[in-house]
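Chemist: generate coordinates for the sequence data below:
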Amino acid sequence: MSNIKLLEIKNLNKSFDNKEILKDINLSVSGGKIIGLLGKNGAGKTTLIKLINDLLTPTSGEILINGKKVGVESKKIVSYLPERTYLNKQMKVSEVMKYFKDFYSDFDYDKAEKLLKDLDLDINKPLSKMSKGMQEKVQLVLVMSRKAKLYILDEPLGGVDPATRDYILDTILSNFNENASVIISTHLISDIERILDEVVFIDKGKIVLQSEADKLRNKEKSSIDEIFRRTFKC
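Modeler: The predicted structure follows:
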């Protein structure tokens, strides 16, 4: 197991209607890391995430999760937070929790209940009666309450206020086990910078930089946010 990478992407390409969206992506992720997948809007972050989650098919190349090709088995160990909420708005939070418990054998109901209580969210309330920010919090709690090996969070901080962002980051930090890894795709870099172990910069469908966060900061004598802004000056 120790030699198997949690995520291995080899020579990955994805095109839509002859337009290249991802070009020759090579990436490997080991366990116990929080990785920032950082790029401007339209850089290819969400396409890459959808490929890892088997929601799109590569044009060419290979994705292995825990040594296996993407599919039913890989979905059992990947906990995915999409950019837009997909939960049935008519359901109460408690009903969605039951759905997760039935669907995912690794879902920790008690943990989800505690986190929702911490966030002051009423589990007897229908999602339709909650704000967009509240719905996003519910979905993040559900995703982080699975005992997964790989968590993939697409823009987890988009609709929440700065104070809640800190709570959410701490929730992410304290809720994944040491052998698991978290990939966070975002353009809110200054907000998440403090929790990152590694960063991957993606631009125009290509990975232009992969580095340990501390090494990069020391080398450039700057924050990741500043390095990102310099790299992708408009």
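
Chemist: now do the helices in the chain.
Modeler: Assigned by DSSP state H, the helices in the chain fall at 45-52, 72-77, 93-103, 109-118, 132-144, 162-174, 189-192, 213-220, 224-231.

Chemist: same for the fourth one, what does it pack against?
Modeler: Pointing back at helix 109-118 there. helix 93-103, helix 132-144 (3 or more C-beta pairs under 8 Å, 6 or more residues apart in numbering; DSSP states H and E). Backbone N, C-alpha and C define where each C-beta goes, glycine included.

Chemist: tell me which residues in the last one are buried?
Modeler: Neighbour-count burial for helix 132-144 flags 134-144 (criterion: 16 or more other C-beta atoms under 10 Å).

Chemist: thinking again about what came up before, if you compare the helices of the chain, which one is most tucked away?
Modeler: helix 45-52 (a mean of 22; mean count of other C-beta atoms under 10 Å).

Chemist: how far does stretch 113-128 sit from its chain's centre?
Modeler: 22 Å (C-alpha atoms, centre = their mean, to the nearest Å).

Chemist: between the two ends of it, how far is it?
Modeler: 19 Å (C-alpha to C-alpha, to the nearest Å).

Chemist: hang on, the earlier thing: can I get the helices of the chain in a markdown table including mean pLDDT and distance to Ile35?
Modeler: Converted to a markdown table, the helices of the chain look like this (pLDDT from 0 to 100; distance: least, C-beta to C-beta, whole Å):
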| stretch | mean pLDDT | distance to Ile35 |
| --- | --- | --- |
| helix 45-52 | 95 | 12 |
| helix 72-77 | 90 | 16 |
| helix 93-103 | 95 | 24 |
| helix 109-118 | 93 | 22 |
| helix 132-144 | 89 | 16 |
| helix 162-174 | 81 | 12 |
| helix 189-192 | 88 | 11 |
| helix 213-220 | 95 | 9 |
| helix 224-231 | 92 | 12 |
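
Chemist: which of these sits closest to Glu83?
Modeler: Taking C-beta to C-beta, helix 45-52 is the member of the helices of the chain nearest to Glu83, at 6.0 Å.

Chemist: outside of that closest one, which residues touch it?
Modeler: Helix 45-52 is contacted by residues 7, 9, 12, 14, 21-22, 25, 37, 39, 56-58, 63, 65, 70, 78, 80, 83, 152, 154, 183, 185, 202, 205 when judged by C-beta atoms under 8 Å, 6 or more residues apart in numbering.

Chemist: those residues in strands, which ones?
Modeler: Among these, DSSP state E puts 7, 9, 12, 14, 21-22, 25, 37, 63, 65, 78, 80, 152, 154, 183, 185, 202 in strands.

Chemist: tell me the bridge partners for the spatially most central residue of the chain.
Modeler: By C-alpha atoms, centre = their mean, the chain has its centre lying nearest to Leu153, at 1.9 Å. When assigned by DSSP bridges, Leu153 has beta-bridge partners Leu81, Ile184.

Chemist: so how far is Asn11 from it?
Modeler: Relative to Asn11, Leu153 is positioned 25 Å away (C-beta to C-beta, to the nearest Å).

Chemist: and if you look at Asp54?
Modeler: From Asp54 to Asn11 the distance is 18 Å (C-beta to C-beta).

Chemist: which one of these two is surrounded by more residues?
Modeler: Asp54 (17 against 12; other C-beta atoms under 10 Å).

Chemist: which residues touch that one?
Modeler: Taking C-beta under 8 Å, 6+ apart as the test, what Asp54 contacts is 70-71, 74-75.
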